[in-house]
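Engineer: Next comes the sequence, and after it the predicted model I'd like to discuss.
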Amino acid sequence: MTRRARISLSVFLLVLLAILGGLPRSVLAAEPPASRTAVVAGAVENVYVRPDATSEVDDQVILGETVEALEETAGFAKVRCASGTVGWVDARSVVRDSKTRYGTPYEVSSNVAHLYRDPDFSSSRPVLTAPLAARLDVLRTFDQEGHSWAEVRLPDGRRLFAAGPDLAPLPDIRPPLPHPAKWIEMAKGFLDAPYTWGGTTPFGFDCSGLLTRVLERHGIRVMRNSADLCFRDPRLVPVRFEKLEAGDFLFFGTDRKIDHVAMWLGDGRVIQATSYGIPSTQITSFEENGRLKGRFRYARRLAAIPGAPRPGAWSEAKRSALEAELRALAGKSGVRFGIVFRDLGTGTAIRIGESQAMNAASTVKTAVLLELLRRLDAGTLRWTDELEVKNEFRSVVDGSPFGVEIEPEAEAFVMGKVGEKAPVGFLAREMIVRSSNLAANLFLQLVGTEAVQKLLDELGAGTVHVKRALFDTKALDRGIFNDTDAAGMATLMEAAVRSPRLSESSRKMAWDILAAQTVNDEIPAGLHPQSGTIVAHKTGSVSTAQHDAAIVRLPDGREYLLVLLADGFQGDVARKGVLQTARAISRAVWEAMIAP
């Protein structure tokens with residue numbers, strides 16, 4: 001066989017193998033990965049919380065809207081919407097986005113637009129009715145019998161006809177228009193639209209769907225849910241009720257749940273989508289509607305509006321009012337409180353009984369954690385090092401053996417390691433997250449109380465004293481105990497996340513571990529459950545004391561420190577009262593931090 005014949009045969013075999021699918025993937029051209037973006041092909045599609053058309057509707061997507069396709073199951077596609085909502089839509093209602101444009105991008109500019117099979121209003125009923133903001137490709141525009149028409153292509157390939165005046169070119173960029181008068185004008189155009197849970201179109205709105213659609217049409221995209229709008233959206237800032245201006249947002253609900261939002265029109269009226277009365281978008285008197293006036297909680301304004309207030313400002317009057325409230329709460333409790341509050345951004349502070357020494361209980365475990373992190377930074381300890389886990393320790397008094405009392409919740413994971421070795425990182429996390437006394441004593445045995453105290457002194461937290469291991473009853477009988485005051489504990493907590501004596505990675509690790517705390521019945525329990533606030537903290541309790549010390553991070557990134565130490569009580573009933581007071585103090589501080 002000649003060389004040319006051999007080459008021709010080789011080419012023939014390669015082609016044959018390719019046709020039969022027999023070539024290895026490395027030889028054939030690589031297949032492009034499937035696109036994760038998809039386009040909505042239905043007029044309005046519900047976004048369900050589960051892949052089940054009978055489950056709760058969380059949001060809606062509309063014709064031409066781009067979504068991120070995450071997975072498919074049982075005829076449903078899980079998608080991430082432009083609003084941020086993640087939920088399930090009918091898989092038949094979305095098509096893969098080919099990125100190909102078949103015409104000029106347009107959007108529906110009327111409240112609704114009928115799409116017809118032919119350019120004729122009377123020859124057939126509409127094939128589909130698209131809502132405001134639906135997107136489609138216009139192939140051509142033309143006039144016929146005195147009417148303007150546009151031939152459009154839908155994402156699923158269908159070609160239909162729409163009345164020209166119902167459409168407008170889709171702008172490349174929709175610049176933000178923080179102009180409340182324009183918002184109100186548009187919102188009034190939706191009056192009498194039916195109330196629809198999860199609705200975002202003139203076919204039916206829910207309360208936040210109305211406002212988010214109005215703002216979206218003015219180039220402003222905010223969070224979809226009313227509670228998120230109230231507490232978590234950085235584009236909104238707090239405003240006092242007496243300072244309301246047209247276009248501000250009012251939020252309604254209870255101390256535990258925000259469930260409604262409306263737009264302030266001025267003159268004591270709001271525009272809202274509500275299920276009460278005639279379920280619809282309506283203008284309502286604030287004063288005359290008990291569900292509004294009686295359930296009002298917060299007011300917000302778009303931060304981009306000129307003159308909008310800025311969060312975080314403290315006047316002396318505001319600080320003094322908060323201090324008076326905290327003193328009243330602590331005084332009414334009948335127990336001794338040590339309180340330190342500090343806004344870590346402005347330095348504004350309140351101190352009440354901050355120098356009163358109390359049994360530190362488990363709050364000293366934060367000091368132990370910082371000594372471990374210091375050694376981690378120095379390279380003398382690794383998170384993967386292992387310690388032998390045993391419940392036997394030596395008293396600081398005479399070296400006699402003792403063990404810790406096993407509390408099932410605190411020691412659930414560490415006790416399973418008794419008689420074995422466990423990593424330092426695991427034990428450090430258990431010491432804080434579940435407040436393992438066994439893990440704390442293992443570390444105090446490893447590093448020594450002197451080293452922990454030396455670090456505390458260097459950090460400026462010298463009024464926190466670590467003198468013995470936990471459950472060393474002989475030491476306790478001799479009056480040797482770990483104690484702290486609120487001032488020292490505040491310094492320790494701030495050092496955990498801000499001290500330059502720890503590396504950035506160690507400070508982040510301290511934050512992550514403290515924020516994973518599972519005992520959350522004091523400072524965190526006082527916050528609004530929907531607030532989106534993160535609390536990095538350590539609790540502690542003994543028979544006569546109840547403590548919590550925290551760094552609290554708001555959704556806008558601002559942080560404050562709050563230490564609540566309480567002692568001088570006996571029994572479960574009294575402890576319940578202390579916890580209720582601590583929660584009330586926590587709530588008062590949080591309310592002041594988010595207030596205008």
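Structural biologist: It's in.
Engineer: which residues of this protein score low on pLDDT?
Structural biologist: 1-35, 98, 100 (pLDDT under 70).
Engineer: any idea which residue sits dead centre in it?
Structural biologist: Nearest to the mean C-alpha position of the chain, by Cα atoms, centre = their mean, lies G532 at 4.5 Å.
Engineer: Does it touch L229 like I think?
Structural biologist: No: the criterion here is Cβ atoms under 8 Å, and G532 misses it with L229 at 11.2 Å. Any C-beta I mention is one placed from the backbone N, CA and C, and that applies to glycine too.
Engineer: can you give me how far the helix or strand harbouring E450 is from the chain middle?
Structural biologist: Using DSSP states H and E, E450 maps to helix 449-459. Taking Cα atoms, centre = their mean, to the nearest Å, one finds helix 449-459 lying 36 Å from the centre of the chain it belongs to.
Engineer: The stretch 1-150 of the chain: strands as residue ranges?
Structural biologist: 37-40, 44-48, 57-62, 66-73, 76-80, 86-90, 94-96, 104-108, 112-116, 128-131, 135-144, 147-153 (DSSP state E, counting those that start in this stretch).
Engineer: Figure out which of those is closest to V466.
Structural biologist: strand 86-90 (45.8 Å; Cβ to Cβ).
Engineer: Just the residues contacting that closest one, thanks.
Structural biologist: 40, 42, 45-53, 55, 58-59, 61, 67, 70, 75-81 (Cβ atoms under 8 Å, 6 or more residues apart in numbering).
Engineer: What residues sit buried inside it?
Structural biologist: Within strand 86-90, the residues scored as buried using 16 or more other Cβ atoms under 10 Å are 86-89.
Engineer: Out of these, the closest to G479 would be?
Structural biologist: The nearest member of the buried residues of strand 86-90 to G479, counting by Cβ to Cβ, is V86 at 57.4 Å.
Engineer: Outline the domain layout of the protein.
Structural biologist: The chain breaks down by automatic domain parsing into domains covering 37-96, 104-169, 180-302, 325-594.
Engineer: I'd like the ones you listed laid out as JSON lines, including distance to R319.
Structural biologist: Shown next, in JSON lines, are the domains of the chain (distance: least, Cβ to Cβ, whole Å):
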{"stretch": "domain 37-96", "distance to R319": "36"}
{"stretch": "domain 104-169", "distance to R319": "46"}
{"stretch": "domain 180-302", "distance to R319": "17"}
{"stretch": "domain 325-594", "distance to R319": "6"}
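Engineer: Could you say which one of those domains comes nearest to A317?
Structural biologist: Of those, nearest to A317 by Cβ to Cβ is domain 325-594, at 11.6 Å.
Engineer: Now do that closest one: distance from first to last residue.
Structural biologist: 16 Å (Cα to Cα, to the nearest Å).
Engineer: Does anything pack onto the longest helix seen in the chain? Which helices or strands?
Structural biologist: Looking across the chain with DSSP state H, the single longest helix is helix 572-594. Judged by 3 or more Cβ pairs under 8 Å, 6 or more residues apart in numbering; DSSP states H and E, helix 572-594 is in contact with helix 316-333, strand 336-343, strand 545-553, strand 559-567.
Engineer: So the residue nearest to G460 when sequence neighbours are not counted: helix, strand or coil?
Structural biologist: Spatial nearest neighbour of G460, chain neighbours left out: T491 (5.2 Å); criterion: Cβ to Cβ, 6 or more residues apart in numbering. Recorded secondary structure, T491: helix (DSSP: H, G, I helix; E, B strand; the rest coil).
Engineer: Report how many residues lie close to T491.
Structural biologist: T491 has 21 neighbours, counted by other Cβ atoms under 10 Å.
Engineer: just to revisit the earlier point, which residues touch the longest helix of the chain?
Structural biologist: 231, 238, 255, 311-312, 318, 322, 325-326, 329-330, 332-335, 337, 339, 341, 343, 521-528, 531, 533, 541, 546, 548, 552, 554, 558, 560, 562, 564, 566, 569.
Engineer: Buried only: go through these for me.
Structural biologist: If we count by 16+ other Cβ under 10 Å, the contacts of helix 572-594 have these buried: 231, 238, 311-312, 322, 325-326, 329-330, 333, 335, 337, 339, 341, 343, 522-528, 531, 533, 541, 546, 548, 552, 554, 558, 560, 562, 564, 566, 569.
Engineer: Noted, bye for now.
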